[in-house]
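Enquirer: attaching a predicted model along with its sequence, questions to come.
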Amino acid sequence: MFCRAHYLNIKDCLLGLLNHDIIPIINENDAVAVTELMFTDNDELASMTAAMIDADTLLLLTNVDGIYRGHPDDPASKLIEHVGQKTSGVSRYIASSKSTFGRGGMASKMKMARKAAYLGIHVYIANGNRDNVLVDFYHKRLKATYFEPESAKPNPKKWVAHSDNYTKGEVVINEGAKEVLHAEEAASLLPVGIVGIVGNFSKGDIIRIKDENGEKLGLGKAEYGSKKANERIGLSNQKPIIHYNYLYLFKYHSL
């Protein structure tokens, strides 16, 4: 399991290298990786690494200049240069095909760009086939799609946001709890809004949040185990099963 201790150990290692002016190069070896623990693609790995080291900026390189309002090869297609915090509808311009840079396609890049931006990181999707792409970024003349960041989030929330592959169980919530979690003001998940518990998990494990229709809503760190959670289903005046500091909702990376 990719627990909090593992996350912090990797973070300390990376920061130690950077403090000695050593640039880490990180890659997942598909040939020897354990399938159930693999990252979906290098976009996810890049987004997690950026969050882990509290990076200011993340560049996701592909074979086009960014997200276009049409096919990139169409001269009439315009590049979407700025994606704001409240921008919507961008996903309709995304094709499902993968790039030649790895497993991830533009849909993956957009998803991880939005997640990183929510966590407070400036993100650019740019063309890695262009000469001097990093030099152009340095001189602020990079042709790319830029994702505007939200306020920086605490490190525990960054860890939870990148733990989707390491969940130990699920909580199923009712519509009332779903509305509370999707409100503007941050809220913890309370047992009164839970209608079901799936799997066996312990305090500190990452668990998924689903609604009654099976839709995945988010992730969180369990404040207590599944046995105690089952005993408290539907009860009011109980300790939160997920505190909002350790809660990540998928709505934050949807466009």
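Expert: Looks like it arrived, so ask away. Numbers count the residues shown, from 1 in each chain.
Enquirer: residue boundaries of the helices in the stretch 1-150 of the chain?
Expert: In the stretch 1-150 of the chain, helices defined by DSSP state H, counting those that start in this stretch lie at 4-19, 42-52, 106-118, 133-138, listed in chain order.
Enquirer: residue 193: which of these is closest?
Expert: helix 106-118 (23.0 Å; Cβ to Cβ). All C-beta atoms are positioned from the backbone trio N, CA, C, and that covers glycine.
Enquirer: next, the buried residues of that closest one.
Expert: Residues 106, 108-118 are the ones in helix 106-118 that count as buried (16 or more other Cβ atoms under 10 Å).
Enquirer: over to stretch 169-179?
Expert: Within stretch 169-179, the residues that qualify as buried are 169-173, 177-178, counting by 16+ other Cβ under 10 Å.
Enquirer: any idea which helix or strand comes after the helix or strand in which residue 172 is found?
Expert: Following DSSP states H and E, the helix or strand that holds residue 172 is strand 169-173. In the C-terminal direction, the helix or strand that comes right after strand 169-173 (DSSP H and E) is helix 175-181.
Enquirer: what are the contacting residues of that next one?
Expert: If you take Cβ atoms under 8 Å, 6 or more residues apart in numbering as the criterion, helix 175-181 is touched by 173, 187, 189-190, 192-194, 209, 211-212, 217-218, 247, 249.
Enquirer: could you redo the last one with a cut-off of 10 Å?
Expert: Helix 175-181 is contacted from outside by 171, 173, 187-195, 209-213, 215, 217-218, 220, 242, 244, 247, 249, 251, using Cβ atoms under 10 Å, 6 or more residues apart in numbering.
Enquirer: in strands, which of those appear?
Expert: Counting by DSSP state E, these place 171, 173, 194-195, 209-211, 217-218, 220, 247, 249 in strands.
Enquirer: by neighbours, which of those wins?
Expert: Neighbour counts for the ones in strands among the contacts of helix 175-181 were taken using other Cβ atoms under 10 Å; the highest belongs to residue 220, with 29 neighbours.
Enquirer: now do residue 216 against residue 210, distance only.
Expert: In this structure, residue 216 lies at 6 Å from residue 210, with Cβ to Cβ, to the nearest Å as the measure.
Enquirer: sorry, that was for residue 203
Expert: Per Cβ to Cβ, residue 203 is found 20 Å from residue 210.
Enquirer: now residue 116
Expert: Using Cβ to Cβ, residue 116 is found at 24 Å from residue 210.
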